[in-house]
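Chemist: Return atomic coordinates for the entry below.
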Amino acid sequence: MDPGSQRRESRSYRPWLIALALWLVLAAIASLALWHLRRDALSGQERELDLLSLALTGEIEHGLRGAEEGLLAVREELGDARLALTGPQARTALHTRAELMPLVRTLWLVDRAGRVLAASDAMPAPGLPSFSPPLDELAVDAIALSRPFVDPLANEALVALALRFDDAPGAAGGWIVAAMPAVSLLGAFNGALPATDSRMAVFRRDGARLAGETVARRGLEEAAVMRRLASEPAMQRVRLADGSEHLVDVHHVERYGLDVVFTRDLAAVLGGWREVAQMTAAAVALLLVVLALSVHFVQHAERRRSEAQRALQAQLTRASKLESLGTLAGGVAHDFNNVLAAIVGFGEMAHDAAPAGSRQARHLDKVLQAALRGRALVERILAFSRGGARQSTVFELEPVVEEVLGLLASSLRPGLVLERRFEAAGARVRGDPTQVFEAVMNLCANAMQAMPGGGMLSVHAQRVHVVAGRVLSHSSLAAGDYVTLTVSDQGDGITPEVMEHLFEPFFTTRGGQSGTGLGLAVVHGVVAEFDGAIDVQSEAGRGARFALYFPECTDAPDAPAALPAVASRGTGQALLVLDDEPALVAMAEELLEGLGYRPVGFTDPAAALAALREEPSRFAAVITDELMPVLSGTQFTAALRRVAPQLPVLLLSGYGGALLAQRAAAAGVTRMLAKPLQRDELARALADLLH
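Modeler: Numbers count the residues shown, from 1 in each chain. Next comes the predicted model:
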């Protein structure tokens, strides 16, 4: 990208950058304020939850401590034999002591085999394997807690505590077991509930839940959460598998191997903050929309002007590049024509001298065929450079297009459909119909190659009135009346990179396939020679559309060209031959002598004029090249007209185009021929001039 384009692009982005920077500053301030609000809300809730959990954990420990003291008193009575182990007396004593112990609902005396020795009521004792730590490993002063079990009479969840007692009269030791409601482990949590989303649960150290509930509904997830919380006993945030996030506080009751867990739903904690955040986000978004609309409206007119300017600059750049390439191609083609003229001329004479059917004759045939292929290539290059020596006529456009489509219709591949719409009946243009034929043929051939899998090739002709001039993709279109020829396909389209080089000669996207890359270059040259314009529209995957604009001509169509004269030999007429290339002069002299003429060759236009002035009636006709260093062929013709007004002049050129035809007619040239010439062409032209 050039520096000017970079500066323009930078200027176009500057208002957006300023507006964006202002919005980002305001958004950053709002985000910072929201972050502080969120932090304060979380900190306040964490303090509240921590204080509540400390108080309730202390209450749980205090209640369990009271139950433990009651069990110790029972064990002491058993050791002193003040409490019977069995019988009605033991039952009554246990019932009395259960009523005196806080939280305790039922008492059992269980021997080491698991048999109930005595109980305060008829409720079954919990199974010994449900206790942790295991009862057979329980230390003397340690307390074991059971998993929750259900009182079948009251349908209430209970948790049991067990204390070991040693051998006593009538028993070989066992355990004192006390059952208490599981809900009593929650203490005053329900009364002190800070919010409906709060949860509290009491777990044994092995992960068994004794009371309460947590936000984790599935057992596996709850176990995983508990393992993590047990390893990191602090206030933290936990994300569950369902995506919800919670504040979790854990406290341990080391004496009894309990973990007390308190949770709150983070979404509920931040509910008020989220409402404020949504309102703030809406305000910031609205501000962004207002800023964007303001910048958009301010830049709208500037953007349209810049786009038009860039399009015009791109078109001018393309046109300038194509014009430079055309000038270069024309110059190269002119020099190449001189080489081909010598090859064709001397080749034909050498072929005449070779024995018929000999190897030499066959070799010369190949040389002449190659030279004629080179001539065809030069003609295509000259068509791109608008330098061909062509005559212009007035003709109807539609019959020429119909002729092309008639040829294509007989050779369409399966899957290709040809659609034609002609809405310009009788529309005429001025130029060479052969060029239009070649341009349409090239466009249709390219369109068919762009659809290897089939599709529709559409050709549309219509009249168009352009009110004001405008810039097309590769040309400038002036106001006026035009006949528009549009060729569309359904291929893969044209990429922007290819679009930049589309009409350059020898540019092709077909790689190693057939094609010289001159097809579209010829189309561009033809349209330019008609003083028309060309527009290309394409989207990736949606095909391409080529529109050719030919200025409509209101003149009457020219009469059909007469049949070419039959080539005849000369009768010794003197011909003046002028060319700045000595080799071409020598070749022309020998060729004309073979045709029965008496040529006199010159390489200097001044010497040729001097010979004409000295004896104007000496020559029957003049054959001159156009491009010469001192005088051009048209300038030479204009000068000799003052000496010999009626002398026929045959102008030879491989480069010139419509402008050359105009200059030649103004100078008095009788006839023009394009180089390189074949002998039969020259013979017919001379016969036409002299007879």
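Chemist: tell me which residues in the helix or strand hosting Arg684 are buried?
Modeler: Under the criterion of DSSP states H and E, Arg684 resides in helix 679-690. Neighbour-count burial for helix 679-690 flags Arg679, Leu682, Ala683, Arg684, Ala685, Leu686, Ala687, Asp688, Leu689 (criterion: 16 or more other C-beta atoms under 10 Å). (C-beta placed from N, C-alpha, C; glycine too.)
Chemist: so can I have CSV of the residues you listed showing distance to Gly601?
Modeler: CSV is the format used below for the buried residues of helix 679-690 (distance: C-beta to C-beta, whole Å):
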residue, distance to Gly601
Arg679, 17
Leu682, 15
Ala683, 18
Arg684, 22
Ala685, 18
Leu686, 16
Ala687, 21
Asp688, 22
Leu689, 18
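Chemist: now the residues you listed in CSV, with pLDDT and distance to Pro133?
Modeler: Shown next, in CSV, are the buried residues of helix 679-690 (pLDDT from 0 to 100; distance: C-beta to C-beta, whole Å):
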residue, pLDDT, distance to Pro133
Arg679, 79, 123
Leu682, 83, 124
Ala683, 86, 127
Arg684, 86, 125
Ala685, 85, 124
Leu686, 88, 129
Ala687, 87, 130
Asp688, 84, 128
Leu689, 84, 130
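Chemist: Please identify which of these is nearest to Ala533.
Modeler: Distances from Ala533 to the buried residues of helix 679-690, taken as C-beta to C-beta, are shortest for Ala685 (34.8 Å).
Chemist: So that closest one sits against Ala674, correct?
Modeler: No: at 11.0 Å, Ala685 does not count as touching Ala674 under the criterion of C-beta atoms under 8 Å.
Chemist: quick one: secondary structure of Cys553?
Modeler: The three-state label for Cys553, taken from DSSP: H, G, I helix; E, B strand; the rest coil, comes out as coil.
Chemist: so how far is Ala674 from Thr634?
Modeler: Taking C-beta to C-beta, to the nearest Å as the measure, Thr634 falls 15 Å from Ala674.
Chemist: more crowded one of the two?
Modeler: Thr634 (23 against 19; other C-beta atoms under 10 Å).
Chemist: excluding its backbone neighbours, what's nearest the more buried one?
Modeler: Excluding the flanking residues, the one nearest Thr634 by C-beta to C-beta, 6 or more residues apart in numbering is Ala667, at 4.2 Å.
Chemist: Neighbours of that neighbour, how many?
Modeler: 19.
Chemist: And it, its phi and psi?
Modeler: phi -80, psi -20 (degrees, to the nearest 10).
Chemist: Relative to Thr637, how far out is it?
Modeler: Using C-beta to C-beta, Ala667 is found at 4 Å from Thr637.
Chemist: got any residues that touch both of the two?
Modeler: Counting by C-beta atoms under 8 Å, 6 or more residues apart in numbering, no residue touches both Ala667 and Thr637.
Chemist: Strand partners (parallel or antiparallel) of the longest strand along the chain?
Modeler: Using DSSP state E, we find that the single longest strand of the chain is strand 455-466. Partners of strand 455-466 in the sheet, by DSSP bridges, are strand 416-423 (parallel), strand 480-488 (antiparallel).
Chemist: Tell me which of the ones you listed approaches His62 most closely.
Modeler: strand 480-488 (91.5 Å).
Chemist: Which element, helix or strand, includes the residue most central in space within the chain?
Modeler: The residue lying closest to the centre of the chain (C-alpha atoms, centre = their mean) is Ala540, at 10.2 Å. Ala540 is part of no helix or strand when elements are defined by DSSP H and E.
Chemist: what about it, distance to Glu497?
Modeler: For Ala540 relative to Glu497 (C-beta to C-beta), the value is 12 Å.
Chemist: cool, Glu77 as well?
Modeler: Applying C-beta to C-beta to Glu77 and Glu497 gives a distance of 101 Å.
Chemist: For these two, indicate the residue with more neighbours.
Modeler: Glu77 (16 against 8).
Chemist: name the helices or strands packed onto the host helix or strand of that one?
Modeler: In the assignment (DSSP H and E), Glu77 maps to helix 3-79. In this structure, helix 3-79 makes packing contacts with helix 87-100, strand 143-146, strand 156-165, strand 174-181, strand 245-253, strand 258-265, helix 266-269, helix 271-353, judged by 3 or more C-beta pairs under 8 Å, 6 or more residues apart in numbering; DSSP states H and E.
Chemist: Okay, domains of this structure per the record?
Modeler: 19-269, 390-551, 574-690 (automatic domain parsing).
Chemist: Nearest to Arg359, out of those domains?
Modeler: domain 574-690 (22.4 Å).
Chemist: and Leu502, which of the three is it?
Modeler: coil.
Chemist: Might one say that it is in contact with Val523?
Modeler: No: counting by C-beta under 8 Å, Leu502 stays clear of Val523, with 9.6 Å between them.
Chemist: Those two: who's more crowded?
Modeler: Val523 (26 against 22).
Chemist: helix or strand for that one, which one?
Modeler: helix 519-529.
Chemist: so the next helix or strand after that helix versus strand 480-488, what angle?
Modeler: Using DSSP H and E, the helix or strand that directly follows helix 519-529 along the chain is strand 533-538. Per axes from the mean of the first three to the mean of the last three C-alpha atoms, to 10 degrees, the angle that strand 533-538 makes with strand 480-488 is 30 degrees.
Chemist: How about Ala638, nearest residue that isn't a chain neighbour?
Modeler: Nearest residue to Ala638, sequence neighbours excluded (C-beta to C-beta, 6+ apart): Ala667, at 4.2 Å.
Chemist: quick one, what contacts that neighbour?
Modeler: Thr634, Gln635, Thr637, Ala638, Arg641.
Chemist: what separates the second one from Ala588, distance-wise?
Modeler: Spatial separation of Gln635 from Ala588 under the definition C-beta to C-beta is 20 Å.
Chemist: repeat for the third one
Modeler: Summarising the geometry, the distance separating Thr637 from Ala588, computed by C-beta to C-beta, is 17 Å.
Chemist: Neighbour count for these two, which is higher?
Modeler: Here Thr637 and Ala588 are compared on neighbour count by other C-beta under 10 Å; more neighbours surround Ala588, at 26 against 23.
Chemist: And the pLDDT for the more buried one?
Modeler: Ala588 carries a pLDDT score of 85 in this model.
Chemist: Can you give me the pLDDT of Ala567?
Modeler: Listed pLDDT for Ala567 reads 55.
Chemist: same check, this time on Val400
Modeler: Value listed for Val400 in the pLDDT field: 88.
Chemist: what does Ser132 give?
Modeler: At Ser132, the predicted lDDT confidence score is 90.
Chemist: From here on, call the first residue 705.
Modeler: Sure, I'll start numbering at 705, so the last one becomes Ser836.
Chemist: I figured it was touching Ile847, is that so?
Modeler: No: the pair Ser836 and Ile847 does not pass the contact test of C-beta under 8 Å, sitting 10.6 Å apart.
Chemist: Which one's more surrounded, those two?
Modeler: With neighbours defined as other C-beta under 10 Å, Ser836 and Ile847 compare such that Ile847 has more, 22 against 19.
Chemist: residues contacting that one?
Modeler: Ile847 is in contact with Leu768, Glu772, Leu775, Leu865, Ala866, Leu867, Arg959, Tyr960, counting by C-beta under 8 Å, 6+ apart.
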